[in-house]
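>>> Take this sequence and fold it.
(one chain, ligands or ions: 2)
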Amino acid sequence: MNYDHILIRYGEMSLKGKNLKHFVARLYENVKMKLANFSNIQIKRNRSRMYILLNGEDPEPIMEQLKDVFGIQSFSLAIKSESEEEQIKEAVMFALTEPEDVKTFKVSVRRVDKDFPIGSQDMNRVLGGHLLSNTEGYSVDVHNPDIELQVEIRKDGTYITSKKIPGAGGLPVGTSGKSLLLLSGGIDSPVAGFLSMKRGVEMEAIHFHSPPYTSERSKQKVMDLAKQLTRFGHKLRVHVVPFTKLQQTIYREIPEGYGMTVMRRLMMKISERVAEKEGILSFTTGESLGQVASQTMESMNTINEVTNYPIIRPLVSMDKLEIIDISKRIDTYDISIRPYEDCCTVFVPSQPKTRPTREKINELEAKVDFSEELEETLESIEVIEFTEEAEQEDEFSDLL
Ligand code: ATP
Ligand code: MG
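Ligands and ions are numbered 1, 2, ... in the order given. Presented below is the predicted three-dimensional model:
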């Protein structure tokens with residue numbers, strides 16, 4: 001006997017009532033894509049569970065992959081037996097004695113199939129008694145057992161599981177619409193993208209760079225971050241915006257101290273045009289309140305004036321250390337800390353105003369005509385698409 005299944009438990013989506021079917025279908029597709037390299041497995045689903053039939057595949061690497069799929073609350077190795085008393089006894093015996101270092105156990109039966117002749121409570125006693133009288137050195141501990149053997153008796157068979165492995169939680173990516181992630185090479189924005197995806201949001205990304213002031217290496221760093229994020233969302237298209245001309249104009253025309261705010265507003269305007277074109281309904285940024293000059297309440301208010309699209313800011317109330325912690329967990333940290341020049345730091349004054357008002361910025365912007373350069377910039381956006389396995393480069397010079 002051996003574990004022949006992985007049982008997947010749904011998270012919050014199990015509360016979705018009439019829409020559940022749609023969530024399960026999306027999770028199924030996401031799991032299937034994630035496990036595409038395991039050719040022998042089969043995936044089955046119903047309203048409350050998903051099952052992976054291993055068909056001889058090693059479960060360990062599969063479980064590693066499942067940890068990155070949003071919408072999964074937890075999963076466990078499972079043995080499937082016929083819903084027959086003797087076979088269930090045999091399977092729980094295996095599940096109890098297979099792991100080392102187990103002394104105490106608890107059996108928890110859930111009889112989903114009411115045609116099964118023994119009730120859940122009685123079956124708990126039957127199985128517990130069977131284990132105690134056929135083994136040595138084990139005892140029952142209902143409060144704090146070394147192992148909890150869960151037995152789900154269903155029509156199509158009985159699933160016996162032991163250890164519960166926590167999943168990524170959240171909602172399946174693709175069930176909450178699309179957002180455009182403003183992706184820099186820093187620590188914060190990849191984490192923001194990850195957290196947005198956790199709520200089921202599918203992502204595209206936009207990155208502003210200023211060649212030749214920012215190097216090919218700094219662009220590559222952002223591409224590596226994008227690639228890393230495909231681990232959670234399967235694919236990510238990145239819109240790379242050449243920002244040099246607009247930045248030079250800002251540098252020339254806008255008094256020092258206000259350039260950063262004007263630049264952010266232009267980023268928002270460009271992002272909105274890309275979102276419109278792609279049918280994307282929101283933005284996601286790595287902003288965290290009070291972290292730097294562009295993230296004070298006044299800056300946010302003034303920058304936000306140019307768009308009425310919702311801006312998702314998953315990090316808004318997090319401390320830097322909490323953000324770093326997540327970036328290490330999702331393996332973006334080591335990429336983010338590579339040294340690089342950022343388009344925002346190349347041109348931006350060392351002392352940006354921390355309290356730019358809407359009135360002041362509007363007054364300054366009214367003196368400069370950005371429109372022609374803005375259209376030119378939109379026309380030279382490059383789109384690079386990453387998928388979890390491969391990467392291909394497509395250039396659409398006439399994007400808009
Ligand atoms: P990050 O670590 O994400 O770069 P940060 O702490 O450096 O953030 P800022 O530089 O003020 O903060 O940027 C705030 C947010 O603006 C970023 O999290 C990101 O969403 C967006 N952003 C900044 N620079 C760029 C860029 N070059 N391209 C696209 N988005 C950017
Ligand atoms: Mg930054």
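>>> so how far is Leu127 from the residue located most distally from the centre of the chain?
Distance from the centre of the chain peaks at Ser133, with 46.9 Å (CA atoms, centre = their mean). Plainly put, Ser133 is 11 Å away from Leu127 if you go by CB to CB, to the nearest Å. Heads up, the C-betas are built off the backbone N, CA and C, glycines and all.
>>> With Ile312 instead?
Counting by CB to CB, the gap from Ile312 to Leu127 is 48 Å.
>>> Which of these two has more residues huddled nearby?
Leu127 (24 against 20; other CB atoms under 10 Å).
>>> State the helix or strand in which Met203 lies.
strand 202-209 (DSSP states H and E).
>>> can I get the CA coordinates of that strand in PDB?
Backbone C-alpha positions of strand 202-209 (Å, rounded to 0.1, in the frame of the first residue of the first chain) are rendered in PDB as follows:
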ATOM      1  CA  GLU A 202      -4.300  38.500 -13.100                       C
ATOM      2  CA  MET A 203      -1.400  40.800 -13.700                       C
ATOM      3  CA  GLU A 204       0.200  42.700 -16.500                       C
ATOM      4  CA  ALA A 205       3.200  44.900 -15.700                       C
ATOM      5  CA  ILE A 206       4.500  48.300 -16.800                       C
ATOM      6  CA  HIS A 207       8.100  49.400 -16.400                       C
ATOM      7  CA  PHE A 208       9.600  52.800 -17.100                       C
ATOM      8  CA  HIS A 209      13.200  53.000 -18.000                       C
END
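>>> Kindly list the longest strand within this structure.
strand 72-81 (DSSP state E).
>>> quick one: strands adjacent to it?
strand 5-10 (antiparallel), strand 157-161 (antiparallel), strand 165-169 (antiparallel) (DSSP bridges).
>>> could I get those as TSV with mean pLDDT, distance to ligand 1 and mean neighbour count?
Listed next are these as TSV, based on pLDDT from 0 to 100; distance: least, CB to the nearest ligand atom, whole Å; neighbours: other CB atoms under 10 Å:
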stretch	mean pLDDT	distance to ligand 1	mean neighbour count
strand 5-10	96	31	22
strand 157-161	95	40	25
strand 165-169	96	22	15
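>>> So what sits opposite Glu202 in the bridge?
Note on Glu202: beta-bridge partners Lys178, judged by DSSP bridges.
>>> Is any residue of stretch 311-324 near ligand 1?
No - using CB under 6 Å from any ligand atom, stretch 311-324 never reaches ligand 1; the gap is at least 7.7 Å.
>>> Contacts for that stretch, please.
179, 187-188, 191-192, 195-196, 201, 282-289, 291, 304, 333 (CB atoms under 8 Å, 6 or more residues apart in numbering).
>>> Show me how to select, in ChimeraX, the buried members of those residues.
ChimeraX command restricting the contacts of stretch 311-324 to the buried ones, with burial defined by 16 or more other CB atoms under 10 Å:
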select :179,187,188,191,192,195,196,201,282,283,284,285,286,287,288,291,333
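>>> So which of the contacts of stretch 311-324 are in helices?
Among the contacts of stretch 311-324, the residues falling in helices (DSSP state H) are 188, 191-192, 195-196, 304, 333.
>>> Which elements pack onto the strand holding Met203?
Using 3 or more CB pairs under 8 Å, 6 or more residues apart in numbering; DSSP states H and E, the elements in contact with strand 202-209 are strand 178-182, helix 188-198, helix 216-233, strand 235-242, helix 259-278, helix 343-347.
>>> close to ligand 1, is the fourth one?
In this case it means strand 235-242. No - Strand 235-242 does not reach ligand 1 (CB under 6 Å from any ligand atom); its nearest approach is 7.6 Å.
>>> Direction included, what does that strand pair up with?
Strand 235-242 is paired, per DSSP bridges, with strand 202-209 (parallel), strand 382-387 (antiparallel).
>>> any idea of the mean pLDDT for the shortest one?
Over the span of strand 382-387, the pLDDT mean works out to 97.
>>> could you give the angle of it to helix 259-278?
70 degrees (axes from the mean of the first three to the mean of the last three CA atoms, to 10 degrees).
>>> on that earlier part again, out of the ones in helices among the contacts of stretch 311-324, give me the two with the largest separation.
By the measure CB to CB, Asn304 and Tyr333 form the most distant pair in the ones in helices among the contacts of stretch 311-324, at 28.5 Å.
>>> hang on, the earlier thing: of the strands paired with strand 235-242, which stretch is the most buried?
Using mean count of other CB atoms under 10 Å, the stretch among those with the largest mean neighbour count is strand 202-209, at a mean of 24.
>>> Now do that one against helix 216-233, angle only.
Comparing the axes of strand 202-209 and helix 216-233 via the same axes, to 10 degrees yields an angle of 170 degrees.
>>> close to ligand 1, is strand 202-209?
Yes - with CB under 6 Å from any ligand atom as the criterion, ligand 1 is reached by strand 202-209 at 206-208.
>>> Save these as CSV, and put in pLDDT and distance to ligand 2 too.
Shown next, in CSV, are these (pLDDT from 0 to 100; distance: CB to the ion, whole Å):
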residue, pLDDT, distance to ligand 2
Ile206, 98, 14
His207, 98, 11
Phe208, 96, 11
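>>> what's the residue of the chain found nearest ligand 2 in contact with, if anything?
Relative to ligand 2, the nearest point of the chain is Gly186 (3.6 Å; CB to the ion). Contact analysis of Gly186 by CB under 8 Å, 6+ apart lists 286, 336, 342.
>>> what's the pLDDT at the last one?
What that stands for is Asp342. Asp342 is given a pLDDT of 72.
>>> Next: the first one.
If you check Gly286, the pLDDT there is 96.
>>> Angles on the backbone of it, please.
As for Gly286, its main-chain torsions (degrees, to the nearest 10) stand at phi -100, psi 20.
>>> Wait, it touches Leu182, no?
Yes - using CB atoms under 8 Å, Gly286 is in contact with Leu182, at 7.5 Å.
>>> circling back: can you redo the strands paired with strand 72-81 as TSV with distance to ligand 2?
Output for those, formatted as TSV (distance: least, CB to the ion, whole Å):
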stretch	distance to ligand 2
strand 5-10	36
strand 157-161	44
strand 165-169	26
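>>> can you put those in TSV and add distance to Arg47?
Converted to TSV, the strands paired with strand 72-81 look like this (distance: least, CB to CB, whole Å):
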stretch	distance to Arg47
strand 5-10	9
strand 157-161	15
strand 165-169	18
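>>> Fine by me, thanks again.
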